[in-house]
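[1] Quick one, fold the following:
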Amino acid sequence: MSSSDSSRSGPTPSSDDRQDRPAVARTVESAGVGRALGVLMALVPCDSRTARRILTDAATTLDVTVEEIAGAAAALLRGDTPPQPPTAVVESAVRVAIDRSLTVAGTTSSPLLPNPRVLREHLARFRDLRRHTFSAPDDPALRACYDDAAYTLCVLLGRRHLHQALTAAEQLIAAHRLTGPRPTAVPQA
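    Numbers count the residues shown, from 1 in each chain. All right, here's what the predicted structure looks like:
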């Protein structure tokens, strides 16, 4: 050991320990916030980052903490009856934050349109995860899968926001149903 090593007091964390701490800190959230995130993700629809922004905007508007508004937001959106029902001011703040998140102007890239079959498969997977997330909004692993599926749709369709990607996916699938694949010529016997 060198003299510089002996002058340190106590154990020093390895670089692996330091890298783990922020991830743990980011995943620690109250059950109420996790539930509200899951409900917002399933109903708006949006990714977890946008859901967190909605909660933060509503909390900032009312000058309360995110934890305080999370329970009210989840109860309001799911139609649950909490012990203390949300006031009209809370409801208004949550709805305004949702509206603001949906009207964010996003630039679109020129997507290379996916095969309609592939798009339908990804959309079906997303819808399934959306249903499950609404049923179990407390499940962080399920929310992570939902985020992955949402990201995939956004990338496939060249959109920055999930709501825009879903709208584009529905339009492409509907257009494909109208035009359909061209019938192949069948030789006459």
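[2] which residues are contacting the top helix by length along the chain?
    When the chain is parsed with DSSP state H, its longest helix is helix 116-135. Residues from elsewhere that reach helix 116-135, judged by Cβ atoms under 8 Å, 6 or more residues apart in numbering: 38-39, 41-43, 45, 78, 114, 139, 142-143, 145-146, 149-150, 152-153, 156, 166, 169-170, 172-173, 176. For every residue, glycine as well, the C-beta is placed using N, CA and C.
[3] Filter those down to the buried ones.
    Neighbour counting by 16 or more other Cβ atoms under 10 Å classes 38-39, 41-43, 45, 78, 114, 139, 142-143, 145-146, 149-150, 153, 156, 166, 169, 172, 176 among those as buried.
[4] how does the chain divide into domains?
    Structurally, the chain divides into domains by automatic domain parsing as follows: 30-102, 116-179.
[5] so can I have TSV of the ones you listed showing mean pLDDT?
    Output for those, formatted as TSV (pLDDT from 0 to 100):
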stretch	mean pLDDT
domain 30-102	87
domain 116-179	91
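[6] Tell me which of those is the most buried.
    Each of the domains of the chain was scored by mean neighbour count; the highest is domain 30-102, a mean of 18, by mean count of other Cβ atoms under 10 Å.
[7] Just want the most central residue of the chain.
    Asp47 (1.6 Å; Cα atoms, centre = their mean).
[8] which SSE is the closest residue to that residue other than its chain neighbours in?
    Nearest-residue entry for Asp47: Ala150, 4.8 Å, with adjacent residues in sequence omitted and distances by Cβ to Cβ, 6 or more residues apart in numbering. In this structure, Ala150 is located in helix 140-157 according to DSSP states H and E.
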